[in-house]
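K.L.:
Following is a predicted model, sequence given first.
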Amino acid sequence: MGSVVLGFIFAKIISFLILTVAVFATTKLVEGIEAKDNTAALRGSFTYAVLTFLFGWVLQILLFPFALIAVGLVVNALLLWGTGVVVPGFSVKPMAVIWGAVIIWGTELGLSLAVKFLM
């Protein structure tokens, strides 16, 4: 039982780190999602990851009827927008949130699959 719990915690930590990398990369790749420096980008990445773990599941439940219309992208867009609201120095322009959500979703999917493949 203890190893199952440790495995769950380890998986959550890896997922958290992957999400942080995905958001940080998005600040570098998407015009309109800007961080004034790397510290703001890392703070924004960390905040986005925390918001995702705290509220992502709630948004997914609330938005379940829209599951066939890429709910993951909608959730990522809402969380990215929320991160821009909460973190000073991390801004997300309205149209950039769409591309940012696509990049975060793709990066998270790709890295998560790679980690599962390697484990």
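P.N.:
Noted; the coordinates are in hand. Numbers count the residues shown, from 1 in each chain.
K.L.:
After the longest helix seen in the chain, which helix or strand is next?
P.N.:
Ranked by residue count under DSSP state H, the longest helix found in the chain is helix 2-29. Note on helix 2-29: by DSSP states H and E, the next helix or strand toward the C-terminus is strand 33-35.
K.L.:
which residues are in contact with that next one?
P.N.:
26-27, 41, 44, 80, 84, 89-93, 96-97, 100 (CB atoms under 8 Å, 6 or more residues apart in numbering). (Glycine included, C-beta is placed from N, CA and C.)
K.L.:
Show me what the helix or strand of the chain with the lowest mean pLDDT is packed against.
P.N.:
When the helices and strands of the chain are scored by mean pLDDT, DSSP states H and E, helix 2-29 comes last with a mean of 83. Packing partners of helix 2-29 (3 or more CB pairs under 8 Å, 6 or more residues apart in numbering; DSSP states H and E): strand 33-35, helix 38-62, helix 71-86, helix 96-118.
K.L.:
one more time with 7 Å
P.N.:
strand 33-35, helix 38-62, helix 96-118 (3 or more CB pairs under 7 Å, 6 or more residues apart in numbering; DSSP states H and E).
K.L.:
would you turn these into CSV with mean neighbour count?
P.N.:
As requested, the helices and strands packed on helix 2-29 are exported to CSV (neighbours: other CB atoms under 10 Å):
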stretch, mean neighbour count
strand 33-35, 22
helix 38-62, 17
helix 96-118, 16
